[in-house]
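Peer 1: what's the 3D shape of this:
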Amino acid sequence: MAFTTKTANYTIDPTTDVVVFCDATGVGAGVTITLPSAAANTGRIFIVKRVNASSGGAPNERCFVTPIGTTGADITLTLDQPNATLTNINSGVMVMSNGTKWWVISAGP
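Peer 2: This is a model prediction of the structure:
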């Protein structure tokens, strides 16, 4: 499975990416991972996982996932920092396009 680690804002490339690890260590404004067009990627699944801890308040060192081409309004997800107890509920997200918008299939630690 193809994966990449990003430390700056990035738009997923549907020709090469499947899993994107987001590492916002030291990035004060956080890192935004933008999904490609839902209409052009029907049936595609992408996974984004935050891999860094946080050293400050919002938006310090946070990871964001922004779908584009959604119906109604764009939605931005903020991924929690991963932790050893796995009590966070949103440090990774799996999304799938139905040709109109991106749907969250799974979110978890």
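Peer 1: okay but C63 is in contact with G30, surely?
Peer 2: Yes: assessed by C-beta atoms under 8 Å, C63 is found in contact with G30 at 6.4 Å. Where C-beta positions appear, they are placed from N, C-alpha and C, glycine not excepted.
Peer 1: Quick check: neighbours shared by those two?
Peer 2: A24 (C-beta atoms under 8 Å, 6 or more residues apart in numbering).
Peer 1: the more surrounded of the two?
Peer 2: Counting neighbours by other C-beta atoms under 10 Å for C63 and for G30 shows that C63 has the greater number, 30 against 19.
Peer 1: what number of residues lie near the residue nearest to the more buried one when sequence neighbours are not counted?
Peer 2: What sits nearest to C63 in space, not counting adjacent residues and going by C-beta to C-beta, 6 or more residues apart in numbering, is C22, at 3.7 Å. For C22, the count of nearby residues is 26 (other C-beta under 10 Å).
Peer 1: check contacts around C22.
Peer 2: T5, K6, V31, I33, V48, K49, R50, V51, N52, C63, L79.
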